[in-house]
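S.K.: Next come a sequence and a model predicted from it.
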Amino acid sequence: MTRAKVGVIIVTLGLVLYFWFTLQRAWIMLLDESLVAKGIGLALVALPIVGAWTLLRELLFGSQTERLAGILEAEDGLPPDTLPRTPGGRIVRAAADEEFEKYRREADAAPDDWRSWFRLSCAYDAAGDRRRARATMRQAIGMEKDTRSSSEEAA
């Protein structure tokens, strides 16, 4: 098990514990006679619900990303990690921006191929644009699902 997975497990367990304690406090407040306490109790119920939904979405996103990475790894299609790094271990931004153009052109040339969008997402991430990296990865995940569904229907 990788360090990242151990970290995810620890954070997930911490959040579940937090949700549990928050729900306990919400229950106590909901049983109180005061309308203000009941209102706060209702608000406290919403926090774990929204948090659990967000946590599940993120865990699903991570597992889908990992599954696609596994497919690309088996096909020897993952982008190589050859970018130069600073002494602190960060990717040199200029090199990442230069390599980004290569993957953007690949995605433009094959707009229906989830693999090119996956690699573009990795390039966005290396260039430091996390928001676009995640959006592009979601697009790759959706495209791969569509491809898988079409091939299953054809079979």
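M.R.: Received it, and whenever you're ready, just let me know what you need.
S.K.: Going by C-alpha atoms from here, please, whenever you check contacts or count neighbours.
M.R.: Will do.
S.K.: ok now stretch 145-155, how far from the chain's centre?
M.R.: Here stretch 145-155 is found 24 Å from its chain centre; the criterion is C-alpha atoms, centre = their mean, to the nearest Å.
S.K.: Pull that stretch out as PDB, backbone CA atoms only.
M.R.: Taking C-alpha atoms only, stretch 145-155 is exported to PDB below (Å, rounded to 0.1, in the frame of the first residue of the first chain):
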ATOM      1  CA  LYS A 145     -17.000   5.300 -19.400                       C
ATOM      2  CA  ASP A 146     -18.800   6.100 -22.600                       C
ATOM      3  CA  THR A 147     -16.200   4.100 -24.600                       C
ATOM      4  CA  ARG A 148     -16.600   1.100 -22.200                       C
ATOM      5  CA  SER A 149     -20.400   1.300 -22.400                       C
ATOM      6  CA  SER A 150     -20.400   1.400 -26.200                       C
ATOM      7  CA  SER A 151     -18.000  -1.600 -26.500                       C
ATOM      8  CA  GLU A 152     -20.200  -3.500 -24.000                       C
ATOM      9  CA  GLU A 153     -23.300  -2.700 -26.000                       C
ATOM     10  CA  ALA A 154     -21.600  -3.800 -29.200                       C
ATOM     11  CA  ALA A 155     -20.600  -7.100 -27.700                       C
END
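S.K.: buried stuff in it?
M.R.: Buried residues in stretch 145-155, counted by 16 or more other C-alpha atoms under 10 Å: none are found.
S.K.: longest helix of the protein?
M.R.: Criterion DSSP state H: the longest helix present in the chain is helix 35-74.
S.K.: So which elements touch the following helix or strand past that one?
M.R.: Remark: after helix 35-74, the chain's next helix or strand is helix 93-109, criterion DSSP states H and E. Counting contacts by 3 or more C-alpha pairs under 8 Å, 6 or more residues apart in numbering; DSSP states H and E, helix 93-109 packs against helix 114-126.
S.K.: follow-up on the earlier one: so what secondary structure elements neighbour the longest helix of the chain?
M.R.: Using 3+ C-alpha pairs under 8 Å, 6+ apart, helix 35-74 is in contact with helix 3-31, helix 130-154.
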